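1. Quick one, what's the 3D model for this:
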Amino acid sequence: MNTGVISKRYAKALYMYAEKAGKLKQVYDEMSVMANNYLLIPGLRKALDNPLLPMNDKIKLLCNAAGGKVSQEVERFITLVLHERREKFMQFIACSYIDLYRKQNNILLGKLITAEKVNKEIEDRMRMMIVKGTQGTVEFETSVEPSIIGGFILDIDYNRLDASVATQLNRVRRQFMEKNRRIV
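-> Down below sits the predicted model:
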């Protein structure tokens, strides 16, 4: 079976289970921590793949990866996943749950990239502009990338608005080179 299909099925089951328990947001937060820890700790996947590690230790390991003291729903879900020997899919399940939660709650992921650190007022104005245009909520992060020289790059889910000086200079350079080729 396909990794994506398995992950989405388990994520959907977890979503429905958390919804019945009224803990969608808590499970979302715990799955977000787990997904982030998979990225930060490469040895996590190796430890879970170790057949010599007992199931109880794997449960504790995944609970710690989800933030330590996790909800009963997440702990029971982790136990189910390990019982079915699907631990190698746990990272993908966490990411699929995050995607499903965001989709169901109209949450967009936004990132503002600027050449210099922006103040909170500008960040809030950008966030409100996105919220106003999409009628959803935005999980927003900012980063500084001096290579863009000036302006900004705004990523919203899989859309990008590139208003950086570096991109504009590259565009002018390409147009100039294109016109000069025609002359020769």
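
2. going forward, measure contacts between C-alpha atoms and count neighbours the same way
-> OK.

3. just the helices in this structure please.
-> For the chain, helices defined by DSSP state H occupy the ranges 3-21, 24-40, 43-49, 55-65, 72-83, 90-104, 120-134, 165-183.

4. Now tabulate the ones you listed in a markdown table and tack on mean neighbour count.
-> As requested, the helices of the chain are arranged in a markdown table below (neighbours: other C-alpha atoms under 10 Å):
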| stretch | mean neighbour count |
| --- | --- |
| helix 3-21 | 16 |
| helix 24-40 | 18 |
| helix 43-49 | 15 |
| helix 55-65 | 18 |
| helix 72-83 | 17 |
| helix 90-104 | 20 |
| helix 120-134 | 13 |
| helix 165-183 | 12 |
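
5. So for P146, which of those sits nearest?
-> Checking these against P146 by C-alpha to C-alpha gives helix 165-183 as the closest, at 9.9 Å.

6. What lies in contact with the closest one?
-> Helix 165-183 has contacts (C-alpha atoms under 8 Å, 6 or more residues apart in numbering) with S147, I148, I149, G150, G151.

7. What is the neighbour count of the third one?
-> Residues within reach of I149, counting by other C-alpha atoms under 10 Å, total 15.

8. cool, and the last one?
-> When counting by other C-alpha under 10 Å, one arrives at 16 neighbours for G151.

9. How many residues are close by the nearest residue in space to it that is not next to it in sequence?
-> The shortest distance from G151 to any non-neighbouring residue, by C-alpha to C-alpha, 6 or more residues apart in numbering, is to S164 (4.3 Å). By other C-alpha under 10 Å, the residues close to S164 number 19.
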